[in-house]
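K.L.:
Make a model of this:
(chains A and B)
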Amino acid sequence: MLSPEREPASPISSRNSSFDWSKVVLNVALPFAGVAAALVLGAVMLLLLGANPLAAFSAIISGAFGSTFGLTQTLVKATPLLLVGAGICIAFRANVINIGGEGQIIVGALAATWFPLSFASAPGWLLLPSTLIVGFLAGSIWGFIPGILKARLHVNEILSTIMMNAIAQQFMNFLLQGPLMDPAGVAQGTFLAQSAQLPHQVWLPRLVPRTLLHAGAIVAVVMAVLVYFFLWRTTIGYDIRAVGLNPEAARYSGIRVPRYQALSLTLAGGFAGLAGAIEVMGVQHRLMDGLTSGYGFTGIVAALLGGLHPLGLIPASVLFGALLVGADKMQRAVQVPSSLVMALLGLIVLFVSSASIWSRRWSARRKIAEQRDRKEVES
Amino acid sequence: MKGLISLDVISGIIHTMIGLATPFLYAAIGETFAQSSGVVNLGVDGIMLLSAFAAFYVSLVSGSLALGLLAAAVVGLLMGLLMSLVSVTLKAEQGVSGIGLYMFGLGMSSLLFKVLIGTVKTIDGFKPLPIPFLSDIPVVGKMLFRTNILVYCAFLLVPLAWWVLNKTTLGLKIKAVGQAPAAADSLGISVNGIRYLSVCIGSVLAGIAGASLSISLLNLFQDNLTAGQGFIAVALVYFGGWSPVGVLGGALLFSIVNSFQLWMQVLGAKIPSNIAVMLPYLLTIVALTISVNRARQPAALNKPFERGES
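P.N.:
Modelled structure (predicted):
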């Protein structure tokens, strides 16, 4: 009963054999009802703050979709969300809650800054892909630590990943004010907390001239599709989902639960690290503070809204990319701080996680109905 | 480094520790109530942030610290009701919904701060209230008995919470609901009612923890004022083995490390401040690693109750 693919075909129920459309509708409708409810509450908050909600929301929409630049910025912001979210899908599917996206992005970006600066003379065909890999590896180390602590010592991964975020943030501040600080800034006496510019051969190519949209967006989509195949078409992916659905049953069927918990957190860290590397190589071309922009948290919301499915995550990432871009426009247009977005994201998480009670009740009712059908056929 | 050995510095470190322990004590003892009833409230940090703002803003506008403290408690209560609704009635995954509550508190406090105040201001927080006679004891009096009312109450909360949890009917009901909800239910205890109450007690205390930062310890508000202290408080509950006395030990340990770190910087030790600030977070991970005493963990922790299941 762990996965639809391995369930024996039911001889009686026609509902099982065809594609389950009602389930898809439910999985799409409930999250969007959650988003709608959060937006309504957001409108109330805007009214209380003395701003016109319609003006604010239209500023968000026109900011995100109203111009070529806005549209490409939406995709630029969707890129890290998609990568972080793909990792979150793997972890949450194993019932491992990774809140460490922020820290994993930071160490991925740190590694992807340090590595090409140290090997600046290497040719681009070698340096660019290896920088991406180094970013992935650094992030996966940052995921592996809480992963192995959970697997071996039952350390609560939510708390340990949050602590890893704070440690990574301080570590980055330390490096940016010391060893990694831009030598040019030191020479000019500005002492800005940022790194030197990366060598040109690791800059990700721009997809649309005069915008920031870069090839990392394509990498992110490819990765999301790969994660889909990994989770639903490989044995390891199957085991990861089995661990998440029912760890006891997975243990009885011989799956090493701790190993897959550690693995899923390591992979989640890797994808967030890759997001950090791509952010540095594609957008700023140097490391500076504020690089994560809350992607680690927004990626969780995108993954939840995408039904923890890498393909559902693609539209969800674009939606939240648009929200982030639009919020900047809103801040300028109606003077409402973009922190409103963080509050709305929190409400969306609360609504979406509460809404799952309806889908659980619904599937429980269906199961009872199916059993009744089966008994009637047998008798 | 010579200065470190002096009596003044040592008593200074301990005096700072007592202050720093205050928010941890309120938040972690509150969380002990919630977790004893079987609910993990991971939104503590968000509650602290929004309450810290409420306390600061109300005190600033009204000029009354008592009203500010009340505002913090009310905000804590409202967020506790929201958390209970989501995680008890609607049975949401508690880890995820707690993070939602945290994000809401983080975003909302920053939004209101930018709209209503704008720049970092300071206020006159609670004044030190020397206890007669005790504060006149040499050295010890200066260390322990010259702080403010919120700090004293935080330490008095430890025996009070111990007494409520272990010696009263309510405490036994809370623990019954956390250990064996089905059995408690069959005895006519309202599982969800007790859980609502416990989460709300915890959230009001988290609200006071926030106030103790903004109108007693730091006397200011800024974005992300807590810097994750609410999450450390949750970790302290695991570290303290779900007992108020254990939580006290953990809170003092954390605070003395933090106080030591601050004093080292004041005295000009050659440690980069970023590395020193990492210490409490590293210590949290270490503390979670060594607190393997799971025997005392409430059996129904993190499990919503559904009548007729299990």
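K.L.:
Within range of chain A, give me the residues from the stretch 51-200 of chain B.
P.N.:
B:82, B:85-86, B:90-93, B:95-108, B:110-111, B:114-115 (C-beta under 8 Å from any C-beta of the partner chain). The C-beta positions use only the backbone N, C-alpha and C, and glycine is treated the same way.
K.L.:
Show me those that map onto helices.
P.N.:
B:82, B:95-108, B:110-111 (DSSP state H).
K.L.:
Please pick the buried ones from those.
P.N.:
Buried subset of those (neighbour count, 16 or more other C-beta atoms under 10 Å in any protein chain shown): B:82, B:95-108, B:110-111.
K.L.:
Of all the residues in the host helix or strand of A:Val325, which ones are buried?
P.N.:
Element membership for A:Val325, per DSSP states H and E: helix A:310-334. Across helix A:310-334, burial judged by 16+ other C-beta under 10 Å covers A:310, A:312-314, A:316-331, A:333-334.
K.L.:
Is A:Phe171 within a helix or a strand, and which one?
P.N.:
Judged by DSSP H and E, A:Phe171 forms part of helix A:157-176.
K.L.:
Next secondary structure after that helix?
P.N.:
Next along the chain from helix A:157-176, counting by DSSP H and E, comes helix A:183-188.
K.L.:
ok now that next one, how far from the chain's centre?
P.N.:
36 Å (C-alpha atoms, centre = their mean, to the nearest Å).
K.L.:
now stretch A:360-377
P.N.:
Centre to centre, stretch against its chain (C-alpha atoms, centre = their mean), the figure for stretch A:360-377 is 35 Å.
K.L.:
Next, the spatially closest residue to B:Gln222 that is not a sequence neighbour: secondary structure please.
P.N.:
Spatial nearest neighbour of B:Gln222, chain neighbours left out: B:Val120 (5.2 Å); criterion: C-beta to C-beta, 6 or more residues apart in numbering or on different chains. Secondary structure for B:Val120, judged by DSSP: H, G, I helix; E, B strand; the rest coil, is coil.
K.L.:
Now do the contacts for B:Val120.
P.N.:
Counting by C-beta atoms under 8 Å, 6 or more residues apart in numbering or on different chains, B:Val120 touches B:220-222.
K.L.:
and it, backbone torsions?
P.N.:
phi -70, psi 120 (degrees, to the nearest 10).
K.L.:
Distance-wise, check it relative to A:His214.
P.N.:
Distance from B:Val120 to A:His214, counting by C-beta to C-beta, to the nearest Å: 37 Å.
K.L.:
Next: A:Arg366.
P.N.:
A:Arg366 is 45 Å from A:His214, by C-beta to C-beta.
K.L.:
and what of B:Leu170?
P.N.:
From B:Leu170 to A:His214 the distance is 59 Å (C-beta to C-beta).
K.L.:
If you count surrounding residues, which of these two has more?
P.N.:
Neighbour count, other C-beta atoms under 10 Å in any protein chain shown: between B:Leu170 and A:His214, A:His214 has more, with 23 against 14.
K.L.:
bridging residues for that one?
P.N.:
For A:His214, the beta-bridge partners are A:Arg206 (DSSP bridges).
K.L.:
which residues touch it?
P.N.:
Counting by C-beta under 8 Å, 6+ apart, A:His214 touches A:76, A:79, A:204-207, A:278, A:281-283.
K.L.:
repeat that for 7 Å
P.N.:
A:204-207, A:282-283 (C-beta atoms under 7 Å, 6 or more residues apart in numbering or on different chains).
K.L.:
try A:Ser356
P.N.:
Residues near A:Ser356 by C-beta under 7 Å, 6+ apart: B:Ala92.
K.L.:
In which helix or strand does it reside?
P.N.:
Assigned by DSSP H and E, A:Ser356 falls in helix A:339-378.
K.L.:
What residues of that helix count as buried?
P.N.:
Using 16+ other C-beta under 10 Å as the test for burial, helix A:339-378 gives A:339-357, A:359.
K.L.:
Stretch B:296-310 now?
P.N.:
Of the residues in stretch B:296-310, B:297-298, B:300-301, B:303-305 count as buried by neighbour count, 16+ other C-beta under 10 Å.
K.L.:
For the stretch 251-379 of chain A, which residues are neighbours of chain B?
P.N.:
A:297, A:300, A:337, A:339-343, A:345-347, A:349-350, A:353-354, A:356-357 (C-beta under 7 Å from any C-beta of the partner chain).
K.L.:
tell me the mean pLDDT over stretch B:88-107?
P.N.:
The average pLDDT within stretch B:88-107 is 92.
K.L.:
what's the answer for stretch B:13-25, then?
P.N.:
93.
K.L.:
Can you list the buried residues in it?
P.N.:
Applying 16+ other C-beta under 10 Å to stretch B:13-25 flags B:13-25 as buried.
K.L.:
for those residues, which one is nearest chain A?
P.N.:
Closest approach to chain A among the buried residues of stretch B:13-25 (C-beta to the nearest C-beta): B:Phe24, at 14.2 Å.
K.L.:
so who does A:Ala277 touch?
P.N.:
When contacts are counted by C-beta under 7 Å, 6+ apart, A:Ala277 touches A:108-109, A:112, A:131-132, A:135.
K.L.:
what about it, which helix or strand?
P.N.:
helix A:257-279.
K.L.:
That helix vs helix A:157-176, what angle?
P.N.:
30 degrees (axes from the mean of the first three to the mean of the last three C-alpha atoms, to 10 degrees).
K.L.:
Return the set of buried residues in helix A:257-279.
P.N.:
A:257-258, A:260-279.
K.L.:
now swap in stretch B:44-64 and tell me
P.N.:
For stretch B:44-64, the neighbour count (16+ other C-beta under 10 Å) marks B:44-60 as buried.
K.L.:
Against chain A, how distant is B:Gly80?
P.N.:
B:Gly80 sits at a distance of 13 Å from chain A (criterion: C-beta to the nearest C-beta, to the nearest Å).
K.L.:
how near is the residue nearest to the spatial centre of chain A to A:His309?
P.N.:
Centroid-nearest residue in chain A, with C-alpha atoms, centre = their mean: A:Gly85, separated by 2.0 Å. According to C-beta to C-beta, A:Gly85 stands 10 Å off from A:His309.
K.L.:
Nothing else from me, thank you.
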